[in-house]
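>>> Give me a 3D structure for the following:
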Amino acid sequence: LLARQMRDLDLFDATEVSADQLKEAALAAEAAALAVKGVTNSAGSGASAGLGGIVLATSHGFIGHYVGSRFSRSTSVIAGEGTGMERDYEFSSRQHFADLDAPEDIGRKAGERAVRRIGARKAATGPVDVVFDPRVARGIAGHLAGAINGASVARKTSFLRDMKGKQVASSAVTVTDDPLRPRGQASRPFDGEGVEGEKLLMVEKGVLNHWFLSTSAARELGLITNGRGSRSGSSVSPSSTNLAIEPGERSPEDLIKSLKSGFYVTEVFGQGVDMVTGEYSRGASGFWIENGELAYPVAEVTIASNLKTMFLNMVPANDLDRNFGTAAPTLLIEGMTLAGA
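Modelled structure (predicted):
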């Protein structure tokens, strides 16, 4: 199972970025955001460049190494005044410097997002169909990754612990995990134990096929590692790599237009996710949907359901952006509950 030849996944960019260049990018992003009408203040802007790597030698005779670079830009701004102030952000993070979004685009998007939230109000309590913006949908994908982690399954702390080989999501949902994707944010030629992983269909048309496994987690479950061991110091535990909820056939606009009323969620907060039972309850903000259109901003509400039900009622859109270690398109989840006014 050990990696015999080190694959070149194009993870390292030797571009040298000076402190002055980073400062200029951060200031340019901030200036672009402040230029958006309605933006009243900056909550901070930044840029970074760095690299890291691993050299691993094991008692099984494995020796391997790789290096990866990382570049990022971000900005956060405030729109409105007094009790009507709203905050939002935008960022870009890539392995290669040339792949970064322009600082002016990052700033403009952050400013526009913040301004759109001015005048937010509560929505009425009741059942609701929810459309999750990709920024929030990635969190839903992360909950799924945690539920199919072999260590959690072995400890019986996952709500999907008895569901391997069974339907855990709608037939529209396929979830992949690929550690060997070139320039992937979570790519690696070998895992924390020297094992070369391969692309896996973790969930195929709603059916759960695999757990994320390291050697120790696999032994507890009577299985064999699939190269998902992640090393932290001397300990290794399973984790996802480039995880993606694969895109569906409909556009985000089509999903929104299909709803007479609903809630388009752009941000969630709070820790209301129980991975043992699947209960899900998060504070949320976004936009109310009326007759297939985004009607007005919404804040100070709570959305709730159970992740088991949410996965079974999930419809993915076709706008997947793979430039994240955990990626998801816009998601429609029917039949949630909203607590508001």
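
>>> neighbours of Ala119, just the number please.
Just so we're on the same page, residue 119 is Gly rather than Ala. Using other CB atoms under 10 Å, Gly119 has 11 other residues around it. Any C-beta I mention is one placed from the backbone N, CA and C, and that applies to glycine too.

>>> That one contacts Pro297, correct?
Yes. Using CB atoms under 8 Å, Gly119 makes contact with Pro297 at a distance of 5.9 Å.

>>> Distance of Ala114 relative to Arg121?
Going from Ala114 to Arg121 by CB to CB, to the nearest Å gives 17 Å.

>>> Same question for Ala25.
36 Å.

>>> Comparing these two, which shows the higher neighbour count?
Ranked by neighbour count (other CB under 10 Å), Ala25 and Arg121 place Ala25 first, with 25 against 13.

>>> Helix, strand, or coil at the more buried one?
For Ala25, the assignment made with DSSP: H, G, I helix; E, B strand; the rest coil gives helix.

>>> Distance of it relative to Arg188?
Using CB to CB, we find Ala25 at a distance of 28 Å from Arg188.

>>> what does Phe287 give?
Going from Phe287 to Arg188 by CB to CB gives 38 Å.

>>> go on, His210?
In this structure, His210 and Arg188 are 18 Å apart, going by CB to CB.

>>> now do Arg155
As defined by CB to CB, Arg155 lies at a distance of 25 Å from Arg188.

>>> Okay, now the unreliable bits of this structure?
Applying pLDDT under 70 to the chain picks out no residues at all.

>>> Show the subsequent helix or strand relative to the longest strand along it.
The strand spanning the most residues in the chain, taking DSSP state E as the definition, is strand 39-57. Downstream of strand 39-57, the first helix or strand assigned by DSSP states H and E is strand 63-79.

>>> got the angle between that following strand and strand 39-57?
On the basis of axes from the mean of the first three to the mean of the last three CA atoms, to 10 degrees, strand 63-79 is oriented at 170 degrees to strand 39-57.

>>> List the buried residues of the helix or strand following strand 63-79.
Next helix or strand after strand 63-79 toward the C-terminus (DSSP H and E): strand 86-94. Across strand 86-94, burial judged by 16 or more other CB atoms under 10 Å covers Glu86, Arg87, Asp88, Tyr89, Glu90, Phe91, Ser92, Ser93, Arg94.

>>> Send me strand 86-94 as CSV with only the CA atoms.
Provided in CSV are the C-alpha atoms of strand 86-94 (Å, rounded to 0.1, in the frame of the first residue of the first chain):
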residue,chain,number,x,y,z
GLU,A,86,-23.6,44.8,8.4
ARG,A,87,-20.3,42.9,7.8
ASP,A,88,-19.2,40.6,5.0
TYR,A,89,-16.0,39.4,3.5
GLU,A,90,-14.3,37.8,0.5
PHE,A,91,-11.1,35.8,0.1
SER,A,92,-9.0,33.8,-2.3
SER,A,93,-6.5,31.0,-1.4
ARG,A,94,-4.5,29.1,-4.0
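
>>> elements contacting it?
For strand 86-94, the packing partners by 3 or more CB pairs under 8 Å, 6 or more residues apart in numbering; DSSP states H and E come out as strand 63-79, helix 103-116.

>>> helix, strand or coil for Met164?
Quick fix: residue 164 is Lys, not Met. Per three-state DSSP, Lys164 ends up coil.

>>> quick one, what contacts the closest residue to it other than its chain neighbours?
Among residues not flanking Lys164 along the chain, Leu208 sits closest, at 5.4 Å (CB to CB, 6 or more residues apart in numbering). By CB atoms under 8 Å, 6 or more residues apart in numbering, Leu208 lies in contact with Ile148, Leu160, Met163, Lys164, Gly165, Lys166, Gln167, Val168, Met202.

>>> mind running it again at 10 Å?
144, 147-148, 160, 163-169, 175, 202, 311 (CB atoms under 10 Å, 6 or more residues apart in numbering).

>>> Filter these down to the buried ones, PyMOL style.
The following PyMOL line selects those of the contacts of Leu208 that are buried, judged by 16+ other CB under 10 Å:
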select buried, resi 144+147+148+160+163+164+168+169+175+202+311
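
>>> Verify the contact between Ala34 and Ala43 for me.
Small correction: residue 34 is Leu, not Ala. No. Shown here, Leu34 and Ala43 do not form a contact pair, counting by CB atoms under 10 Å, at 11.1 Å.

>>> Much appreciated, bye for now.
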